[in-house]
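> compute the structure for the input listed below.
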Amino acid sequence: MSVKEKAILKFTERFEGSHKSLGPSDVDYRVYDKQGNLIAFALVIPTDKKIKSCYPLQVSLNNLSKLSLKRLNPVIIWACLDGIMYGKINSISGTVSWQGTSELSSELVVMYPKQKTFNYARHY
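Next comes the predicted model:
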């Protein structure tokens with residue numbers, strides 16, 4: 001099972017929901033409630049940090065923009081080594097900056113500091 005799949009399963013089990021994977025040029029998942037109603041779209045970002053030391057959380061501005069166009073409860077899920085951190089993009093705030101070592105490998109990235117609107121779930 002991939003890191004992204006493990007993270008979306010942990011996220012949807014919190015409310016007995018389900019998910020459907022989307023194509024490579026789209027966001028990662030559609031999220032459904034336990035009655036099968038579409039309730040959100042999710043982007044899953046693997047990270048090599050543990051929950052207690054995961055900040056600042058990062059996402060590519062291009063991916064964030066793609067997710068925001070979905071409008072129906074867009075959620076970012078960071079797949080940490082020991083669980084997930086997640087939040088709705090309209091209730092978290094971050095700063096945009098360039099990240100990379102050269103013009104060819106640089107991109108705009110949104111950095112999210114710790115904030116009360118983030119939720120988490122540990123893998124046990």
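
> list the buried residues in the longest strand along the chain.
Determined from DSSP state E, the single longest strand within the chain is strand 38-46. Under the neighbour-count criterion of 16 or more other CB atoms under 10 Å, strand 38-46 has 39, 40, 41, 42, 43, 44, 45 buried. Every C-beta, even on glycine, is put in place using the N, C-alpha and C of the backbone.

> ok, that strand: who's next to it in the sheet?
strand 29-32 (antiparallel), strand 74-80 (parallel) (DSSP bridges).

> for the buried residues of strand 38-46, name the two members farthest from one another.
For the buried residues of strand 38-46, the maximum inter-member distance is 20.1 Å, found between 39 and 45 (CB to CB).

> ok, the closest residue in space to residue 122 that isn't next to it in sequence - contacts?
Among residues not flanking residue 122 along the chain, residue 83 sits closest, at 3.7 Å (CB to CB, 6 or more residues apart in numbering). Neighbouring residues of residue 83 by CB atoms under 8 Å, 6 or more residues apart in numbering: 10, 51, 120, 121, 122, 123.

> I'd like the next helix or strand past the helix or strand harbouring the first one.
Which is residue 10. Using DSSP states H and E, residue 10 falls within helix 3-13. Downstream of helix 3-13, the first helix or strand assigned by DSSP H and E is strand 18-21.

> helices and strands around that following strand, which ones?
In this structure, strand 18-21 makes packing contacts with helix 3-13, strand 29-32, judged by 3 or more CB pairs under 8 Å, 6 or more residues apart in numbering; DSSP states H and E.

> got the angle for the longest one vs strand 74-80?
Interaxial angle of helix 3-13 relative to strand 74-80 (axes from the mean of the first three to the mean of the last three CA atoms, to 10 degrees): 120 degrees.

> contacts for helix 3-13, please.
With CB under 8 Å, 6+ apart, helix 3-13 has contacts from 1, 18-19, 28-29, 31-32, 42, 44, 46, 75, 77-79, 83-84, 86, 121, 123.
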